[in-house]
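# Quick one, what's the 3D model for this:
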Amino acid sequence: MPTLLPRPSILSIEPYVGGESKIPGVNRIVKLSSNEGAFGVPPGAQAAYARLAAELHRYPDGSATALRAAIGARFGLDPARIVCGNGSDELIGALILAYGGEGTELVMSAHGFVMYDIAGRYAGCRVIKVPERDLTADVDAMLAAVGPRTRLVFLANPNNPTGSMLPAGEVARLRAGLPEEVLLVLDSAYAEYVTRPDYDPGTALVEAGTNTVMTRTFSKIFGLGGVRLGWCYAPAHVIDILNRVRGPFNVNAPAMAAGIAALAEPDWVETSVAHNAEWRARLSEGLRAAGIGVHPSEGNFILADFGTAERAKAADAALKQRGLIVRMMGAYALPQALRITIGTAEECTMVLDALTGFMRGANG
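Purely as a prediction, here's the structure:
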């Protein structure tokens, strides 16, 4: 053993493992493991990114001024209360390091996004995972888990990987029940896909008080997962803290150009939302008809429940035989389930055909 050791909490972290992207010996791969947008990169974003090729020797605007202005204009927000990051993961980590640390607690739902746990342990927080009700965050249970050392509460809404969502009233009840010194972070990575009227991504709570932050991403509906681009909307005093601790050039210039262009792509969001709603319903109904449990989802993915870890593993293997990659959920304490991204119509049909055939074989 080396004599130079990190803080003990670091050694408790299991490294994050992203969705698989390759299958040995298979030429055509359909990757539905990372909740990437079904239609890829918006054409305007591709062109904007390419235009920066001759300017890569220049440092980017460290304040992301034009990008913050574009985000503000698109969503009706004050650009001064926006911070951009190298993916929303960077901002999540910065918030935890700034407001958490040794001797503090971070509360999250049991099947919430794994990066809250990883970043919390990195900061030295005690991470408390609260049991859910029907794979949905339980507001009363989360409030009961809050103690004098709690400094952060994280809620992904819609949640990854379950797809569940709390209506705005329940989120407001969570905020109202938390002490003033506790920061509520609403991770709204999948906000654009939600079509229910009783949803607010967090804007109202951020603007109503001083202790709520909303994080967002360009990695999903805007198709820019590869450039790592995210942002948050927060009270002015939280923005001040984030600007003190983030890297001076934490967002690269091509990413900012692509983000601005993606926001302006005509009908991109509307077309993507309509497609997602149609095929999420079709795939869910088809899998249920095949005998697979499917939990209601508000994201661009579904959680398919096979009852046992063994059957889920066998289903995953059957999909891979056809070049289809989805996400096993053991890391989220859901080993009996597979998370399946909503891809193109062809890709969703391929998944449905493969799993229908698998279930027929499994049931003899």
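# How about Ala264: what's its closest non-neighbour residue?
Excluding its sequence neighbours, the residue lying closest to Ala264 (Cβ to Cβ, 6 or more residues apart in numbering) is Gly44, at 6.4 Å. C-betas here are computed from N, CA, C, even on glycine.
# Ramachandran coordinates for the one you found?
When read as degrees, to the nearest 10, the backbone of Gly44 gives phi -60, psi -30.
# again with the one 3 residues further on
As for Ala47, its main-chain torsions (degrees, to the nearest 10) stand at phi -70, psi -40.
# Tell me how far the closest residue to it other than its chain neighbours lies from Met329.
Nearest non-adjacent residue to Ala47, counting by Cβ to Cβ, 6+ apart: Ala261, 7.0 Å away. Using Cβ to Cβ, to the nearest Å, one obtains 34 Å as the distance from Ala261 to Met329.
# dump the residue contacts of the residue nearest to Ala264.
Residues near Gly44 by Cβ atoms under 8 Å, 6 or more residues apart in numbering: Ala261, Ala262, Ala264, Glu265.
# Quick one: neighbours of the last one, just the number.
Translated: Glu265. 17 (other Cβ atoms under 10 Å).
# and the chain, what are its domains?
Listed by the TED database, the domain ranges of the chain are 8-31+268-362, 43-264.
# most tightly surrounded among those domains?
domain 43-264 (a mean of 19; mean count of other Cβ atoms under 10 Å).
# what about that domain, start to end distance?
11 Å (Cα to Cα, to the nearest Å).
# average pLDDT for it?
Mean pLDDT, taken over the full extent of domain 43-264, equals 97.
# i'd like the first residue to be 8 from this point on
With 8 as the first residue, the last one maps to domain 50-271.
# How about Asn250, nearest residue that isn't a chain neighbour?
Nearest to Asn250 is Val90, by Cβ to Cβ, 6+ apart, at 6.4 Å.
# quick one on the thing from earlier: which of the domains of the chain sits closest to Gly44?
domain 50-271 (4.0 Å; Cβ to Cβ).
# And that closest one, how far out from the chain middle?
Mean-position distance between domain 50-271 and its chain equals 9 Å (Cα atoms, centre = their mean, to the nearest Å).
# can you redo the domains of the chain as a markdown table with distance to Pro9?
Formatted as a markdown table, these follow (distance: least, Cβ to Cβ, whole Å):
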| stretch | distance to Pro9 |
| --- | --- |
| domain 15-38+275-369 | 12 |
| domain 50-271 | 19 |
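# Quick check: the residue nearest to Asn250 is in a strand.
Yes. Assessed by DSSP: H, G, I helix; E, B strand; the rest coil, Val90 belongs to a strand.
# what about it, distance to Met335?
34 Å.
# one step back: over to the residue nearest to Ala54. Which of the three states is it?
Ala268 - assigned by three-state DSSP - is helix.
# Distance check, it against Thr217.
34 Å.
# same check, this time on Lys327
From Lys327 to Thr217 the distance is 49 Å (Cβ to Cβ).
# ok, now Lys38?
Counting by Cβ to Cβ - Lys38 and Thr217 are separated by 41 Å.
# Who are the contact partners of the residue nearest the centre of the chain?
With distances taken as Cα atoms, centre = their mean, the chain has Ala196 as the residue nearest its mean C-alpha position (4.6 Å). Each residue near Ala196 by Cβ under 8 Å, 6+ apart is listed here: Ser95, Ala163, Asn167, Thr222, Arg223, Thr224, Ser226, Lys227.
# pretty sure Gly232 contacts Ser41?
Yes. Using Cβ atoms under 8 Å, Gly232 is in contact with Ser41, at 6.9 Å.
# Doesn't Gly108 belong to a strand?
No. Per three-state DSSP, Gly108 lies outside any strand segment and is coil.
# wait, doesn't it sit right on Cys132?
Yes. Judged on Cβ under 8 Å, Gly108 makes contact with Cys132 at a distance of 6.8 Å.
# This completes my enquiry, with thanks.
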